[in-house]
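> Structure for this input, please:
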Amino acid sequence: MKAILKFVLFLFMMTVMAGCSSKDIMEKTDIDYSIYFQGFIVNKDSNAPPAKLIIFTNKEDWETFSKEYVEQGQRVASMDHSIDWKQEDLIYYAMNGAKDGYVGNFGTFKGYEVNQKRIEVKIEGRSHSKQIFAVNNLNDDYVSITYQLWTLVKKGSLSKKLTAQYHY
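Just a heads-up that it's a prediction; the model follows:
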């Protein structure tokens, strides 16, 4: 009976493992980056920027997106550094607070990691004592505050490692 149980378990594991390549299971890759902008952006709720991760690979898509959602942030970021779209891609990451008009940065950004063709944002120190908060003190219910992090990465360094879901 033990031998049959072991054999069935072995067949089950082989079936599961056959559907996944070992490279997909094991591959974890850190991504080299430089910070282009990190801060809070306030918008009217009707024009709140998406709270997710998006990868921009060309100037036209980034300009269209930034004009609609983060134009002032783009102006601040570009004072110190311009994007060389021939050499760099931009990773846009934003998060909203749990309650309208409030948002915290939830710790210290430590980079990105690609795991099973998905990009993960690495945050360290998720304690209230290490957070920076933005609070809407105007009692205006039509305001959205997002924590924004934009980073630059070497052109093409992500395309083969990720699923297409992150591209604009």
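
> List the buried residues of stretch 68-87.
Of all the residues in stretch 68-87, those buried under the rule 16 or more other Cβ atoms under 10 Å are 69-70, 73-74, 77, 83, 85. Any C-beta I mention is one placed from the backbone N, CA and C, and that applies to glycine too.

> ah, wrong one, I meant stretch 116-125
Within stretch 116-125, the residues that qualify as buried are 119, 121, counting by 16+ other Cβ under 10 Å.

> same deal with stretch 35-49?
Burial within stretch 35-49, assessed by neighbour count using 16+ other Cβ under 10 Å, is assigned to 36-37, 40-43, 48-49.

> which residues sit against it?
Here stretch 35-49 makes contact (Cβ atoms under 8 Å, 6 or more residues apart in numbering) with 68-70, 72-74, 76-77, 81, 83, 90, 94, 96, 100, 103, 109, 134, 136, 141-152.

> ok, now with 7 Å
When contacts are taken as Cβ atoms under 7 Å, 6 or more residues apart in numbering, the neighbours of stretch 35-49 outside the stretch itself are 69-70, 73, 76-77, 81, 90, 94, 103, 134, 142-152.

> Show me which of those are buried.
Of all those considered here, the ones buried according to neighbour count by 16+ other Cβ under 10 Å are 69-70, 73, 77, 90, 94, 103, 134, 144-152.

> Filter these down to just the ones in helices.
Within those, membership in helices is found for 69, 73, 77, as judged by DSSP state H.

> Which residue, other than its chain neighbours, is closest to the last one?
The one in question is residue 77. Beyond its immediate neighbours in the sequence, the residue positioned closest to residue 77 (Cβ to Cβ, 6 or more residues apart in numbering) is residue 37, lying 3.7 Å away.
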